[in-house]
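>>> Curious how this folds, go ahead:
(one chain, ligands or ions: 1)
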Amino acid sequence: MTTSALAIETATADDFDEMNGFLGSLFHQTLDTEAQEVERPIFEPERALQIRDGSDLVATAIAFTRTLGVPGGDLAAAHVSMVGVAPTHRRRGLLTAMMHHQLRQIYDSRREPVAVLWASEGRIYPRFGYGLASQRYHVSGETTELRLPAPTPGEGRLRLDRPTDRQADLARVYERVRADRPGWSARDDRWWRYVLVDPQAHRGGATERRVVLHEGPDGVDGYGLFRTKAEWDDGGPNSLTTVDEVVASTPAGYLAIWRMLLSLDLTRRLAWMRAAVDEPLLRLLDEPRRLNCRLVDALWVRVVDVPAALAARRYATDIDVVIEVTDHLLPENTGRWRLRGGPTEATCTPASGPADLACDVRCLGELFLGGVTPAALAETGRLRELRPGALTATGPAFTWHRAPSAMEIF
Ligand SMILES: CC(=O)SCCNC(=O)CCNC(=O)[C@H](O)C(C)(C)COP(=O)(O)OP(=O)(O)OC[C@H]1O[C@@H](n2cnc3c(N)ncnc32)[C@H](O)[C@@H]1OP(=O)(O)O
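Below you'll find the model as predicted:
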């Protein structure tokens, strides 16, 4: 495929260092060799696209092969990343050409019914059919104002350790909790190393990352990844605790970990970038108003193969609906689809009858992880109710018993 006479090529393993350096410069980051070596094994050259102008690399995009937790199961999903266009070549359609090319490749391979990504800026991807599928809170607060219920006897034990030494424990807890949380990607050994790498250059003056583990009656049932940054001002100690992940499979573990994180001596402030919208912490604090929560976007989902994707997730209640879908990039998706399903199975087939709902493929991405209802999307004007009552009838089915959330930025 060509764009303005520049061809899209598939990369080779030898292109990794150059692509990494190119993206580092676009994200205004200093390249770190330790992080680069951890990222090398997850690089999939056969899924990496690049555009060169002569010998100069001017555009890149990659898809990682991973699975994503969706309502009721786990689904192969192209994890799109490393997207960038050189400042010398911006706004002349290179990203557009790469996105079209990549989506066509994913569709034609039939390996993955959906693609998923974190957007550097929210306004970039809707035009390519990506819908905002999950949100998160940026959380901050004065820790002296954040009080949790007191410990009860026999709650278990906390231990501090180096995260890399406890990878197996973290993986066990993560997988247990992930089974119930749409939006979490599976992490094999390579992805755990990616999550846990902690180069000095990326710490911004804070300590190395540490882990607090909670041991309950059945072993490790929770962990918290965090770091601290020393600060003193006229009022005395004012250090910052930055939390990366808190994952626990028991309420006791969750509470004990947060109790420690909020009461570290000499710290006064908390920062956490990836709290779920139904995060238990928000309901455990005695004065939740003292936690500042800013709602921002998390995962963007692109439904690439409509019937395969809609049949691959489960629905909270029984559903039987015909949806008229429009997809300007992948015309195979355009048409009327009958979705029948429930909590244990689903099918999606071409429909002959009239449609109940009509929407752009972007809306299906928004609905996919259960984070929003058709009625809410109808209020945006992007989804239309063609049969009166269809919005209320389908609303509960599209949601899920846990809100979608998202963990590491890939
Ligand atoms: C999944 C990820 O990896 S997210 C990371 C994305 N990368 C970055 O943010 C790195 C810095 N930015 C860039 O590299 C580039 O600006 C990109 C990749 C965002 C855009 O690449 P371009 O080749 O300039 O995009 P392209 O020319 O195809 O633009 C297509 C349309 O999107 C719009 N657009 C593209 N980027 C942006 C943006 N950041 N903000 C607003 N609009 C944008 C363009 O204006 C254009 O609109 P139009 O069709 O109405 O004229």
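>>> and whichever residue of the stretch 201-350 of the chain sits closest to the ligand, how many neighbours?
Minimum separation of the stretch 201-350 of the chain from the ligand (Cβ to the nearest ligand atom) falls at Trp300, amounting to 8.2 Å. Heads up, the C-betas are built off the backbone N, CA and C, glycines and all. Around Trp300 there are 25 other residues, counting by other Cβ atoms under 10 Å.
>>> if I look at the residue in the stretch 301-410 of the chain that the ligand sits nearest to, how far off is Phe226?
Using Cβ to the nearest ligand atom, the point where the stretch 301-410 of the chain gets nearest to the ligand is Phe410, with a distance of 8.8 Å. Distance of Phe410 to Phe226, computed by Cβ to Cβ, to the nearest Å: 20 Å.
>>> likewise Asp297?
Using Cβ to Cβ, one obtains 24 Å as the distance from Asp297 to Phe226.
>>> neighbour-wise, which of these two wins?
Phe226 (26 against 16).
>>> check which helix or strand covers the residue nearest to that one when sequence neighbours are not counted.
Nearest residue to Phe226, sequence neighbours excluded (Cβ to Cβ, 6 or more residues apart in numbering): Val243, at 4.8 Å. For Val243, the host element (DSSP states H and E) is strand 239-248.
>>> Over to Ser405?
Per DSSP H and E: Ser405 is located in neither a helix nor a strand.
>>> Count the residues that sit near it.
Ser405 sits with 24 neighbouring residues when counted by other Cβ under 10 Å.
>>> ditto for Val277
Residues lying near Val277 (other Cβ under 10 Å) number 16.
>>> Name the residues linked to the residue nearest to Phe226 by a beta bridge.
Listed by DSSP bridges, the beta-bridge partners for Val243 are Phe226, Trp272.
>>> Beyond the lowest-mean-pLDDT helix or strand in the chain, next helix or strand please.
For the chain, scoring each helix and strand by mean pLDDT, DSSP states H and E identifies strand 2-3 as the least confident one, at a mean of 53. Scanning forward in sequence from strand 2-3 by DSSP H and E, the next helix or strand is strand 6-10.
>>> how far out from the middle of the chain is that following strand?
Its chain's C-alpha centre and that of strand 6-10 lie 28 Å apart, by Cα atoms, centre = their mean, to the nearest Å.
>>> Okay, buried residues for that strand please.
6, 8 (16 or more other Cβ atoms under 10 Å).
>>> picking that back up, tell me which element the residue of the stretch 201-350 of the chain closest to the ligand falls in.
Trp300 is located in strand 299-303, with elements delineated by DSSP H and E.
>>> can you check Arg111 too?
Counting by DSSP H and E, Arg111 is held by no secondary-structure element, helix or strand.
>>> and Pro237, bridged to which residues?
Trp232.
>>> if I read this right, it contacts Arg269, doesn't it?
No: using Cβ atoms under 8 Å, Pro237 and Arg269 do not qualify as a contacting pair, with a distance of 10.4 Å.
>>> okay, those two: which has more neighbours?
Using other Cβ under 10 Å, the more surrounded residue of Pro237 and Arg269 is Arg269, with 17 against 12.
>>> The one helix or strand the more buried one maps to: which residues count as buried?
Arg269 is located in strand 267-275, with elements delineated by DSSP H and E. Residues 267-270, 272-275 are the ones in strand 267-275 that count as buried (16+ other Cβ under 10 Å).
>>> Equivalent analysis for stretch 398-410, please.
Quick answer for stretch 398-410 (16+ other Cβ under 10 Å): 398-400, 402-408, 410.
>>> For Leu213, list the residues it contacts.
Under the criterion of Cβ atoms under 8 Å, 6 or more residues apart in numbering, the contact list for Leu213 reads 158-161, 166, 169, 220, 222-223.
>>> List the buried residues for stretch 14-29?
15-16, 19-20, 22-24, 26.
>>> for the residues you listed, which one is nearest the ligand?
Using Cβ to the nearest ligand atom as the measure, the one of these that approaches the ligand most closely is Leu26, at 4.3 Å.
>>> so what's the closest one closest to, chain neighbours aside?
In space, Leu26 comes closest to Gly84 once its chain neighbours are excluded; the distance is 4.3 Å by Cβ to Cβ, 6+ apart.
>>> Report whether the helix or strand encompassing that neighbour contacts the ligand.
In this assignment (DSSP H and E), Gly84 forms part of strand 73-85. Yes: judged by Cβ under 6 Å from any ligand atom, strand 73-85 and the ligand are in contact via 80-85.
>>> most neighbours, which of those residues?
Neighbour counts for those were taken using other Cβ under 10 Å; the highest belongs to Val80, with 27 neighbours.
>>> For the residue lying closest to that residue once chain neighbours are set aside, list each beta-bridge partner.
Here the nearest residue to Val80 in space, its sequence neighbours aside, is Leu117; by Cβ to Cβ, 6+ apart that works out to 4.1 Å. Taking DSSP bridges as the rule, Leu117 bridges to Trp300.
>>> who's in contact with Leu117?
With contacts taken as Cβ under 8 Å, 6+ apart, Leu117 has the following neighbours: 79-81, 83, 125, 130, 299-300, 302.
>>> Now for these: which two are most distant?
Distances among the contacts of Leu117 were taken as Cβ to Cβ; the most separated pair is Val83 and Leu299, at 14.9 Å.
>>> helices and strands around the lengthiest helix in the chain, which ones?
In the chain, taking DSSP state H as the definition, the longest helix is helix 94-109. Using 3 or more Cβ pairs under 8 Å, 6 or more residues apart in numbering; DSSP states H and E as the contact criterion, the secondary-structure elements in contact with helix 94-109 are strand 2-3, strand 6-10, strand 48-53, strand 56-70, strand 73-85, strand 114-118.
>>> Could you see whether the ligand lies near that helix?
Yes: for a cut-off given as Cβ under 6 Å from any ligand atom, helix 94-109 has contacts with the ligand, namely 94-96.
>>> List the buried residues of that helix.
Across helix 94-109, burial judged by 16+ other Cβ under 10 Å covers 94-95, 97-103, 105-107.
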